[in-house]
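Enquirer: need a structure here:
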Amino acid sequence: MKTLFALFVLSLVLAIQATSYFSDDFNGDWESRWVVSNWKQADGTAGKWDLSAGKYFSDANEDKGLHTSQDAKFYAISSKFQQEFSNKDKTLVLQYRIKHEQNIDCGGGYVKIHPEGLDQTNYNGDSNYNIMFGPDICGSTKRVHVIFNYDGKNHLIKKNIPCETDELSHVYTLVVLPDNTYEVKIDGVKKESGKIDEDWDMLPPQKIKDPKVSKPSDWVDEKEISDPTDTKPEGWDDIPREVADTTAKKPEDWDDELDGEWEAPTVPNPEYKGEWRAKRIPNPAYKGEWVHPEIENPEYKPNPNLYAFDSNAFMGIEIWQVKSGTIFDDFLVTDSVEEADIAASKILKRTASEKMNKESEEKARREEEEKARKAEEEAKKFDEAGKKADEEAASQQASVHDDKKEDL
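Expert: Here you go, the predicted structure:
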């Protein structure tokens, strides 16, 4: 009881200390909070958003989220934060739940944070953003995107972070810290972390190859050479690549006058050793691989504020999906890692029964399919038995008819 009370007190303290800039679990009038873009509406390639808990859920109301409902469509929607903010000198946490219940084969599941000035009615793939984060699956590409905008350019993380590929709910969390470091978590488990200036090519490299230095002309970097003392064995080149097939026989219908003199076909010679090459030996002059000396890059200037954005004002989803059915839910943008961890734990506890529900439904479906298969087999047997009985009756009738003809 004391432990539960302590956790309750801790959550209250965190709630007081933390600042939540944006959160949405899609309860209530979500359409008043989110703006669907007009982008792609005119040509009919814009997909329709609705709310759904999906086929497998723990709570029909709590698990409802923003749902892509049409295949092979573009989707663009955004929502304004409760308050615009700068994350300068602050922690920034972006977290949300996503479920690819359609067994997605090609489509995005990432979200974006946009600065003030976003034209929500015309929101599209060219709209300026600060951060893009989340899973992307298409063919062999199955990764978590983490993209930061810096100096007007979008920079993708150099590391490959695998994403989840099943049909269940997962919580994706990006933590950006004011010491220019980051962390990516999936379902509360750290998947990647590091320094922003090392894992993104935002800045010029700290060191470059010295342009005044080049590899010496007499540098030997060949590890092995042909043995100059090795000689080709006598008769090596006299061994033919192919020989006549001794098992072949002249066809009986072969006519030497018409077909010419018969020759047995050739087959690979088992004694042929290929082109002779001298054996390889270590090169006594080998100096090792030459390493180009590096110098400090005069164009490099450290930036302790790579993590910071002056304006964070909108949450956006702008994606393309071949197969629809993705559900986005439980958005949270905060300055508290602890608040996000508590929220993620609650989500995962709530959605824990999804897998069990999915397996239960699939088991029921398999049982129905098996029942239908057996019923079809029984019906087929019944039809075959009836057909056989009809054939036997017809045969007996014909036999009686023949017997009557003989009596006459």
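Enquirer: hey, where'd the helices end up in this structure?
Expert: 2-17, 196-199, 256-259, 337-350, 354-407 (DSSP state H).
Enquirer: least confident of those helices, on average?
Expert: Lowest mean pLDDT within these: helix 2-17, at a mean of 53.
Enquirer: how's the protein carved up into domains?
Expert: 13-206+305-352, 353-408 (automatic domain parsing).
Enquirer: for S226, find the nearest of the ones you listed.
Expert: Closest of the domains of the chain to S226 is domain 13-206+305-352, at 39.7 Å (criterion: CB to CB). Glycine gets a C-beta too; all of them are placed from N, C-alpha and C.
Enquirer: ok now the closest one, how far from the chain's centre?
Expert: Centre-to-centre, domain 13-206+305-352 and its host chain are 16 Å apart (CA atoms, centre = their mean, to the nearest Å).
Enquirer: spatially central residue in this structure, please.
Expert: Central residue of the chain (CA atoms, centre = their mean): K142, 1.2 Å from the mean position.
Enquirer: so that residue sits against P162, correct?
Expert: Yes. K142 lies in contact with P162 (CB atoms under 8 Å); the separation is 6.2 Å.
Enquirer: neighbours around D50, how many?
Expert: 11 (other CB atoms under 10 Å).
Enquirer: next, find the distance separating it from L66.
Expert: As judged by CB to CB, to the nearest Å, D50 and L66 stand 8 Å apart.
Enquirer: swap in G109?
Expert: From G109 to L66 the distance is 11 Å (CB to CB).
Enquirer: ok, those two, which is more surrounded?
Expert: Neighbour count, other CB under 10 Å: between G109 and L66, G109 has more, with 26 against 23.
Enquirer: contacts only, for the closest residue to that one other than its chain neighbours.
Expert: The shortest distance from G109 to any residue other than its chain neighbours is 4.4 Å, reached at P135 (CB to CB, 6 or more residues apart in numbering). P135 makes contacts with 98, 100, 108-110, 142-145, 163-164, 172, as judged by CB atoms under 8 Å, 6 or more residues apart in numbering.
Enquirer: quick one: mean pLDDT for stretch 260-270?
Expert: Stretch 260-270 carries an average pLDDT of 92.
Enquirer: how about it as CSV, C-alpha atoms only?
Expert: Only the C-alpha atoms of stretch 260-270 are listed here, as CSV (Å, rounded to 0.1, in the frame of the first residue of the first chain):
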residue,chain,number,x,y,z
GLY,A,260,31.1,-37.0,-92.8
GLU,A,261,33.5,-38.8,-90.6
TRP,A,262,32.0,-39.3,-87.1
GLU,A,263,33.8,-37.8,-84.1
ALA,A,264,33.1,-38.5,-80.5
PRO,A,265,31.8,-35.5,-78.5
THR,A,266,34.2,-33.9,-76.1
VAL,A,267,33.9,-33.8,-72.3
PRO,A,268,35.8,-31.8,-69.6
ASN,A,269,39.2,-33.4,-69.0
PRO,A,270,39.5,-34.4,-65.3
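Enquirer: give me the buried positions along it.
Expert: Using 16 or more other CB atoms under 10 Å as the test for burial, stretch 260-270 gives no buried residues.
Enquirer: state which strand of this protein is the longest.
Expert: In the chain, assigned by DSSP state E, the strand with the most residues is strand 73-85.
Enquirer: helices or strands next to it in the packing?
Expert: strand 20-24, strand 34-36, strand 312-321 (3 or more CB pairs under 8 Å, 6 or more residues apart in numbering; DSSP states H and E).
Enquirer: make CSV from those and add mean pLDDT and mean neighbour count to it.
Expert: Formatted as CSV, the helices and strands packed on strand 73-85 follow (pLDDT from 0 to 100; neighbours: other CB atoms under 10 Å):
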stretch, mean pLDDT, mean neighbour count
strand 20-24, 97, 20
strand 34-36, 98, 19
strand 312-321, 98, 23
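Enquirer: between these, which gets nearest to D383?
Expert: The nearest among these, by CB to CB, is strand 312-321 at 44.9 Å.
Enquirer: can you give me the angle the closest one makes with strand 73-85?
Expert: In terms of direction (axes from the mean of the first three to the mean of the last three CA atoms, to 10 degrees), strand 312-321 departs from strand 73-85 by 170 degrees.
Enquirer: for strand 312-321, packing partners?
Expert: The helices and strands touching strand 312-321, judged by 3+ CB pairs under 8 Å, 6+ apart, are strand 20-24, strand 65-68, strand 73-85, strand 106-108, strand 111-114, strand 326-334.
Enquirer: strand 73-85 and the last one, what's the angle between them?
Expert: Think strand 326-334. Using the same axes, to 10 degrees: strand 326-334 against strand 73-85 is 10 degrees.
Enquirer: quick check: buried residues in strand 326-334?
Expert: So for strand 326-334, counting by 16+ other CB under 10 Å, buried means 326-334.
Enquirer: the fourth one now?
Expert: Neighbour-count burial for strand 106-108 flags 107-108 (criterion: 16+ other CB under 10 Å).
Enquirer: from the contacts of P135, which land in strands?
Expert: In this view, these that belong to strands under DSSP E are 98, 100, 108, 142-145, 172.
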